[in-house]
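Asker: The sequence isn't on hand, but the structure is:
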């Protein structure tokens, strides 16, 4: 069975991550979800637990129930990692090597597994030169990106920054899983 690590960060687009988790689960994937503290302001762990039938990770220092270091075992188990939505905050942390929560710690521990970031933010934030520099830096080190689409954003602005289509994200993840299988 293929393991997908799905990271969800604090964006209004977080609700779309539930659909991503649902589709991947129905395609036979085991989906481990990590919600940042900010993501939990938009969507609850129970939503993902119900859809994936798996534990949802929210804290770095949950009670250890088995003899394993969770952030390392999650990193090793993943066949592909996807963060949807990926905020400017997460992108900046990863580009700077900051691992201060469960999601950034797991992603920092990933080796040899595709990491796909799906940015979602206001156009001004996405086009900010520092954010773009962080994206270039991550790409240089092998991180993959599914570019945001252009459209009407939650704030009412029109521009690039909306999360890519759920179908685009799930098809990309499934393609990487198939390539790994072949």
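Answerer: Arrived safely, thanks for sending. The structure displayed is predicted, hence computed values, not measured ones. Residues are numbered from 1 along each chain as shown.
Asker: Look at residue 46 and say how many residues are nearby.
Answerer: 9 (other C-beta atoms under 10 Å). Every residue, glycine included, has its C-beta placed from N, CA and C.
Asker: can you offset everything so residue one is 58?
Answerer: Yes, from this point I'll number from 58; that puts the last item at residue 103.
Asker: Distance of the spatially closest residue to it that is not a sequence neighbour relative to residue 226?
Answerer: Nearest residue to residue 103 in three dimensions, chain neighbours excluded: residue 113, at 7.9 Å (C-beta to C-beta, 6 or more residues apart in numbering). Applying C-beta to C-beta, to the nearest Å, the value for residue 113 to residue 226 is 19 Å.
Asker: ok, now residue 187?
Answerer: Residue 187 sits 25 Å away from residue 226, going by C-beta to C-beta.
Asker: and the next element down the chain from the lowest-mean-pLDDT helix or strand in the chain?
Answerer: Lowest on mean pLDDT, DSSP states H and E among the helices and strands of the chain sits helix 127-134, with a mean of 80. The first helix or strand that comes after helix 127-134 along the chain, using DSSP states H and E, is strand 137-143.
Asker: If you count contacts, what does that following strand end up packed against?
Answerer: On a contact count with 3 or more C-beta pairs under 8 Å, 6 or more residues apart in numbering; DSSP states H and E, strand 137-143 meets strand 60-65, helix 71-83, helix 159-166, strand 172-176, helix 223-238.
Asker: switch to 10 Å and redo it
Answerer: Counting contacts by 3 or more C-beta pairs under 10 Å, 6 or more residues apart in numbering; DSSP states H and E, strand 137-143 is packed against strand 60-65, helix 71-83, strand 87-92, helix 145-153, helix 159-166, strand 172-176, strand 201-202, helix 223-238.
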